[in-house]
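> predicted structure and sequence below. I'll ask about it afterward.
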Amino acid sequence: MTGTLTHIWRHPIKAHGVEALKTASLTAGKTLPWDRVWAVPHEAAKLDGSNWVRCSNFSRGAKAPSLMAIRATLNEATRTIMLTHPDLPDITFNPDTDSARFLAWVKPIMPASRAASAGIIRATAQGMTDSDFPSISINSHATNNAIGENLGYEPSPLRWRGNLWFDGLEPWKEFDWVGKRVRIGAAVLDIKERITRCMATTANPNTGLRDADTLGALQENWGHQQFGVYGVVVTSGQIAIGDKFEVL
């Protein structure tokens with residue numbers, strides 16, 4: 001059973017921008033490099049330093065859908081990030097030293113009824129993924145297409161905030177991988193669990209407006225609100241677009 005890796009996406013600041021990659025070096029027990037290294041706690045957050053905490057402590061697309069339209073470009077050497085949004089001017093800043101300017105930039109697209117963003121923290125042991133383990137999310141174009149047939153149009157893959165996307169298998173086959181291992185390029189991942197989705201997926205990643213009942217389509221047609229799977233790297237290695245997925 002094989003598929004083909006079509007996209008690699010990382011999210012340097014959790015819920016605040018996505019960046020496309022052509023290659024990545026995966027390390028055992030680590031997230032995708034520079035994925036969710038930073039996160040934006042809100043004023044009601046309960047944090048334990050920069051250790052992993054639940055996503056409910058952060059500003060995110062489930063509560064602030066306009067965040068879904070942010071794009072990111074990370075300069076790894078300088079650790080500066082350029083963010084773009086259709087309703088805001090571009091900004092380039094260092095998340096470790098310039099959070100105040102970032103907060104002023106993002107404020108106009110944040111709902112007034114929600115807890116305000118209060119800063120930026122940098123993760124230490126692992127990226128601030130939605131899982132309490134250092135996960136890499138894996139998603140299927142065929143499954144996305146199946147949902148699109150129900151919605152009446154193909155939803156953008158960016159709605160799902162995933163890391164790795166593959167093509168070439170039947171819809172939902174990735175659910176059969178839970179408890180198994182897959183090889184992608186030179187890396188091997190242990191597939192841990194399905195991903196339960198949230199309201200962020202209802203927002204259009206081009207406009208930041210909620211315009212699709214993705215969760216309703218999942219529940220009504222398949223009896224759940226899950227899409228994609230979480231994997232953990234167990235064998236380090238390089239991956240690149242065009243690599244084969246192989247279930248071991």
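On my side now, so go ahead.
> from His11, how far out is the residue nearest the centre of the chain?
Nearest to the mean C-alpha position of the chain, by Cα atoms, centre = their mean, lies Arg161 at 3.2 Å. Separation of Arg161 from His11 (Cβ to Cβ, to the nearest Å): 7 Å. To be clear about C-beta, it is placed using only N, CA and C from the backbone, and glycine gets the same treatment.
> tell me, what's touching the two both at once?
Here Arg161 and His11 have Val18 as joint contacts, going by Cβ atoms under 8 Å, 6 or more residues apart in numbering.
> just say helix, strand or coil for the residue lying closest to Ile109 once chain neighbours are set aside.
Closest residue to Ile109 apart from its sequence neighbours, by Cβ to Cβ, 6 or more residues apart in numbering: Ser66 at 4.0 Å. At Ser66 the chain is in helix, as set by DSSP: H, G, I helix; E, B strand; the rest coil.
> so what's the residue count around Ser66?
The local packing of Ser66 (other Cβ atoms under 10 Å) involves 21 other residues.
> I'd like to know how many residues surround the residue lying closest to Pro134 once chain neighbours are set aside.
Counting by Cβ to Cβ, 6+ apart, Pro134 lies nearest to Gln126, which is 4.0 Å off, once chain neighbours are set aside. Other residues lying near Gln126 total 19 when counted by other Cβ under 10 Å.
> which SS class is Gln126?
Gln126 is classified as coil under three-state DSSP.
> can you give me the helices for this structure?
Assigned by DSSP state H, the helices in the chain fall at 99-106, 141-151, 214-222.
> so which elements touch the shortest one?
Put plainly, it is helix 99-106. Packed against helix 99-106, as judged by 3 or more Cβ pairs under 8 Å, 6 or more residues apart in numbering; DSSP states H and E, are the following elements: strand 88-93.
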